[in-house]
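[1] Predicted model follows, preceded by the sequence.
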Amino acid sequence: MYRSKEEATQAPRGTEAVIADFSDKPSLATALRGVESVYLVCSPIPELVQLEANMIEACEAAGARRIVLNSALGAGDYDKSFPSWHRKVEDKLKATKMAYTICRTASCKMS
């Protein structure tokens with residue numbers, strides 16, 4: 001999923017790219033047609049909770065069966081600060097009837 005046609009040109013060869021935006025609910029519905037699983041990750045911005053909530057709701061409406069949420073280390077431990085945003089999204093996801101996986105990664109190293 002890409003926010004613009006220009007960004008979609010960067011999709012890996014052999015993949016299907018769709019244009020949508022977390023803040024544009026109708027575009028999410030279109031992008032999710034026929035999708036069974038979603039890997040959900042959003043930039044660390046103040047609107048994160050609302051944007052990811054939009055996607056969760058769109059997934060439910062579209063009949064997606066699973067969401068893999070890229071959360072944050074400490075999301076369950078802090079009531080304030082950035083990790084708490086992720087906790088709110090985790091709680092919303094847990095309240096759905098969809099299957100889910102929550103990843104609370106500390107960091108990734110590539111070699």
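    Sure, I can see it.
[2] Now do the lowest-mean-pLDDT helix or strand in the chain: distance to the chain's middle.
    The weakest-scoring helix or strand in the chain, judged by mean pLDDT, DSSP states H and E, is helix 82-94 (a mean of 88). Computed by CA atoms, centre = their mean, to the nearest Å, the chain-centroid distance of helix 82-94 equals 11 Å.
[3] Could you point out the helix or strand that follows it?
    strand 99-103 (DSSP states H and E).
[4] any low-confidence regions in the protein?
    Scanning the chain for pLDDT under 70 picks out 76-81, 106-111.
[5] all strands of it, in order?
    Under the criterion DSSP state E, strands of the chain are mapped to 37-40, 66-70, 99-103.
[6] Okay, and the beta partners of the residue nearest the centre of the chain?
    In the chain, the residue lying closest to the centroid (CA atoms, centre = their mean) is L40, at 2.2 Å. Judged by DSSP bridges, the bridge partners of L40 are L69.
[7] Let me see the contact set for it.
    52, 55-56, 67-70 (CB atoms under 8 Å, 6 or more residues apart in numbering). Every C-beta, even on glycine, is put in place using the N, C-alpha and C of the backbone.
[8] Make TSV from those and add distance to E6 and neighbour count to it.
    Output for the contacts of L40, formatted as TSV (distance: CB to CB, whole Å; neighbours: other CB atoms under 10 Å):
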residue	distance to E6	neighbour count
E52	24	25
M55	22	25
I56	27	21
I67	27	21
V68	27	15
L69	27	24
N70	24	16
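[9] What is the nearest of those to G14?
    V68 (20.9 Å; CB to CB).
[10] Correct me if wrong: that closest one contacts C103.
    Yes: at 6.7 Å, V68 and C103 qualify as touching, with contact defined as CB atoms under 8 Å.
[11] Spatially nearest residue to A61 (excluding sequence neighbours)?
    Once flanking residues are discounted, A61 sits nearest to A29: 6.6 Å by CB to CB, 6 or more residues apart in numbering.
[12] Could you verify my assumption that the one you found touches A62?
    Yes: contact criterion CB under 8 Å: A29 and A62 qualify, at 6.3 Å.
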